[in-house]
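Asks: Model the structure of this input:
(chains A and B)
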Amino acid sequence: MPNTQPISPELTLKPHDFPGRLIIVEGIDGSGKSTQIRLLQRWLESMGYRVFFTEWNSADLVKKTTKKGKKKRSLTPTTFSILHATDFAHRLVTNILPPLKAGMVVLADRYVYTAFARDTVRGCDREWVRKVYSFAPKPDIAYYFRVPIEVAVKRLTQSRQVLKDFEAGMDLNLHHDSIESFRIFQGRILDEYDRMSAAHDFSVVDATANIADQQRIVRTVASKKLANYSRKPRIA
Amino acid sequence: MSSLQFFGSGLPYLPQSEYPGVLITIEGTDGVGRTTQIVMLREWLEVQGYGVVETGWTRSPLIGRTIAEAKQGRILNPLTYSLLYAAEFADRLEKEIIPALRSGFVVLADRYVFTAFARDVVRGCDRQWVRDLFGFAPIPHLVLYLKIDVVTLIRRVISRGIIDYFEFGMDMAMGADPYNSFKRYQTSLLKEYTNLAQEFGFHSVNAGLKPEKIQTELRKVVSAYFSKHHFHATPIEREIDTGNTSPEPAIQQTASSLPVAGP
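Replies: Residues are numbered from 1 along each chain as shown, chains lettered A, B, ... in the order given. Coordinates of the predicted model:
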């Protein structure tokens, strides 16, 4: 059984009142969330929704800095955290808010919960990370693809070539072997997700099920939550 | 002064340690002469035998350039502006300021989080959010504030003949005229500084005085703080007596925390 006890009361995000809808997916690496969000996008588009897709860590503003910092291993948990928050804020203002204000459906592969989990595991203060990201609007749907750590490890070792150092948390010196390090690091992130799941209204999807079955659940949740969303062009 | 106090929850992963150093920050808007004063303060402290480490806003080798480039491209919004500076500050804090304080140095910081507290709020960020963001920062032991009135400030900066887009607050679209924009921006900034000075107990010195006079005032404040907290550089003679060959002038704290003299 996952431990769903929050350590301290969770600071939650404020709901937005834009005409658009914000749908996000979370889960550890190897949970299959990216596959699921792509399928959701196809489905929404096939029904005529105007969809905008965005990924975690894709803005150019701080890319060079984080790359340099990772290479030189000169990022501390705090600078790592704030640089990602900068990147997110840039993306929020330039990519996410405009389509939301223009009444579109925004799909985000990872959202601030990734930072809540990851930065806490790296050693930042749990509450501080939540306060830093308090400017982010609460998603209308937050899917959490829950997968046991062993399944994630198996998927990654079978499908992918090399584990990226930061994905495996190698900088934290948890273990000299990258697979073992990944197991420990992502295992802790999994615990963080489980603890925040209820407070942030995650729609939990069993990510060990087959792809089509998961997608059926995803679409059922989306239909229900998008029921009050007007597809007619409406802007803020 | 051997443990650090933080604005918020600090840095949880910081190892337990003594911090015998002293953190002195110099605040003030553009054009008040902070750099000149720091140069003089440093010299005065070093002559007395204090080890001094200087640090300054946007000087982080990792992030300073990113800020310059982002400003050049004018792609910053109030949130990213605030966050980038926070990252820059965190980098210097963990790599320069905290190690120096741990080793007993006097740290002279040219601008500190108060600059962000003032600027970011003027740019439209939520006051509490900015404070929370910098919750990892240690509270300085002394804040020296070079206070200036808006007329003197405007004349000083304008006589440099350079219009800096951000220093003039032109990113906030306060109108097309640089002078009006500058005046409104700097007036709002000064108002924030005045409130901060009261809230955080800044030691204010009139920046309209001659540099030498300002320096005298600053030294008085620093001396008073050092003697109140028994913070003093070890006399040179004593180092020779005890055979201490350390090239850095050691700084020691109150008599009670001193290790008994060497051989």
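Asks: Surely residue B:131 is in a helix?
Replies: Yes: counting by DSSP: H, G, I helix; E, B strand; the rest coil, residue B:131 falls inside a helix.
Asks: My read is that it contacts residue B:86, right?
Replies: No: contact criterion Cβ atoms under 8 Å: residue B:131 and residue B:86 do not qualify, at 11.4 Å. Quick note: C-beta positions are derived from backbone N, CA and C, even for glycine.
Asks: So between those two, which is more surrounded?
Replies: residue B:86 (28 against 18; other Cβ atoms under 10 Å in any protein chain shown).
Asks: Name the helix or strand for residue A:107, please.
Replies: In the assignment (DSSP states H and E), residue A:107 maps to strand A:105-109.
Asks: Mind checking the pLDDT average for that strand?
Replies: The average pLDDT within strand A:105-109 is 97.
Asks: so how far is that strand from its chain's centroid?
Replies: Its chain's C-alpha centre and that of strand A:105-109 lie 10 Å apart, by Cα atoms, centre = their mean, to the nearest Å.
Asks: Could you measure from residue A:159 over to chain B?
Replies: Using Cβ to the nearest Cβ, to the nearest Å, one gets 33 Å for the distance from residue A:159 to chain B.
Asks: That residue - how many residues pack around it?
Replies: By the measure other Cβ under 10 Å, the count of residues near residue A:159 is 8.
Asks: repeat for residue A:234
Replies: Neighbour count of residue A:234, defined by other Cβ under 10 Å: 12.
Asks: Tell me the secondary structure at the closest residue to residue B:214 other than its chain neighbours.
Replies: In space, and not counting its chain neighbours, residue B:214 is closest to residue B:205: 5.5 Å by Cβ to Cβ, 6 or more residues apart in numbering or on different chains. Assigned by three-state DSSP, the conformation of residue B:205 is strand.
Asks: check contacts around residue B:205.
Replies: Listed by Cβ atoms under 8 Å, 6 or more residues apart in numbering or on different chains, the contact set of residue B:205 reads B:144-147, B:214, B:217-218, B:221.
Asks: Most widely separated two among these?
Replies: In those, two members sit farther apart than any others by Cβ to Cβ. They are B:147 and B:221, at 13.1 Å.
Asks: So which of the two has more stuff around it?
Replies: residue B:147 (19 against 16).
Asks: wait, isn't the more buried one in contact with residue B:206?
Replies: Yes: counting by Cβ under 8 Å, residue B:206 is a contact partner of residue B:147 at 5.9 Å.
Asks: which intervals of the stretch 151-263 of chain B have sub-threshold pLDDT?
Replies: For the stretch 151-263 of chain B, the stretches with pLDDT under 70 are B:173-175, B:234-263.
Asks: can you give me the helices in it?
Replies: Taking DSSP state H, counting those that start in this stretch, the helices of the stretch 151-263 of chain B run over residues B:178-200, B:211-228, B:236-241.
Asks: re the thing from before, bridging residues for the residue nearest to residue B:214?
Replies: Note on residue B:205: beta-bridge partners residue B:146, judged by DSSP bridges.
Asks: where's the closest residue to residue A:126 other than its chain neighbours, which helix or strand?
Replies: Excluding the flanking residues, the one nearest residue A:126 by Cβ to Cβ, 6+ apart is residue A:120, at 4.9 Å. Element membership for residue A:120, per DSSP H and E: helix A:112-121.
Asks: From the contact counts, what lies against the helix or strand that that helix is followed by?
Replies: Next helix or strand after helix A:112-121 toward the C-terminus (DSSP H and E): helix A:126-132. When contacts are defined as 3 or more Cβ pairs under 8 Å, 6 or more residues apart in numbering or on different chains; DSSP states H and E, helix A:126-132 packs onto helix A:77-91, helix A:112-121, helix B:127-133.
Asks: Would you reformat these as JSON lines and include distance to residue A:217?
Replies: Shown next, in JSON lines, are the helices and strands packed on helix A:126-132 (distance: least, Cβ to Cβ, whole Å):
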{"stretch": "helix A:77-91", "distance to residue A:217": "27"}
{"stretch": "helix A:112-121", "distance to residue A:217": "19"}
{"stretch": "helix B:127-133", "distance to residue A:217": "36"}
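Asks: Let me have those in JSON lines, extended by distance to residue A:221 and mean pLDDT.
Replies: Shown next, in JSON lines, are the helices and strands packed on helix A:126-132 (distance: least, Cβ to Cβ, whole Å; pLDDT from 0 to 100):
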{"stretch": "helix A:77-91", "distance to residue A:221": "24", "mean pLDDT": "94"}
{"stretch": "helix A:112-121", "distance to residue A:221": "17", "mean pLDDT": "97"}
{"stretch": "helix B:127-133", "distance to residue A:221": "32", "mean pLDDT": "97"}
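Asks: Comparing the ones you listed, which stretch has the densest surroundings?
Replies: helix A:77-91 (a mean of 26; mean count of other Cβ atoms under 10 Å in any protein chain shown).
Asks: Next to chain A, which bits of the stretch 151-263 of chain B? Give me the list.
Replies: Taking Cβ under 8 Å from any Cβ of the partner chain, no part of the stretch 151-263 of chain B reaches chain A.
Asks: For the stretch 151-263 of chain B, give the residue positioned nearest to chain A.
Replies: residue B:171 (13.4 Å; Cβ to the nearest Cβ).
Asks: Using JSON lines, please lay out the contacts of residue B:205 together with distance to residue B:185.
Replies: JSON lines is the format used below for the contacts of residue B:205 (distance: Cβ to Cβ, whole Å):
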{"residue": "B:144", "distance to residue B:185": "23"}
{"residue": "B:145", "distance to residue B:185": "19"}
{"residue": "B:146", "distance to residue B:185": "18"}
{"residue": "B:147", "distance to residue B:185": "18"}
{"residue": "B:214", "distance to residue B:185": "24"}
{"residue": "B:217", "distance to residue B:185": "28"}
{"residue": "B:218", "distance to residue B:185": "27"}
{"residue": "B:221", "distance to residue B:185": "29"}
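Asks: for the residues you listed, which one is nearest residue A:132?
Replies: For those, the nearest to residue A:132 is residue B:145 (27.1 Å; Cβ to Cβ).
Asks: what's the neighbour count on the residue lying closest to the closest one once chain neighbours are set aside?
Replies: Leaving aside its sequence neighbours, residue B:145 sits nearest to residue B:202 (Cβ to Cβ, 6+ apart; 3.8 Å). Per other Cβ under 10 Å, the neighbour tally for residue B:202 reads 22.
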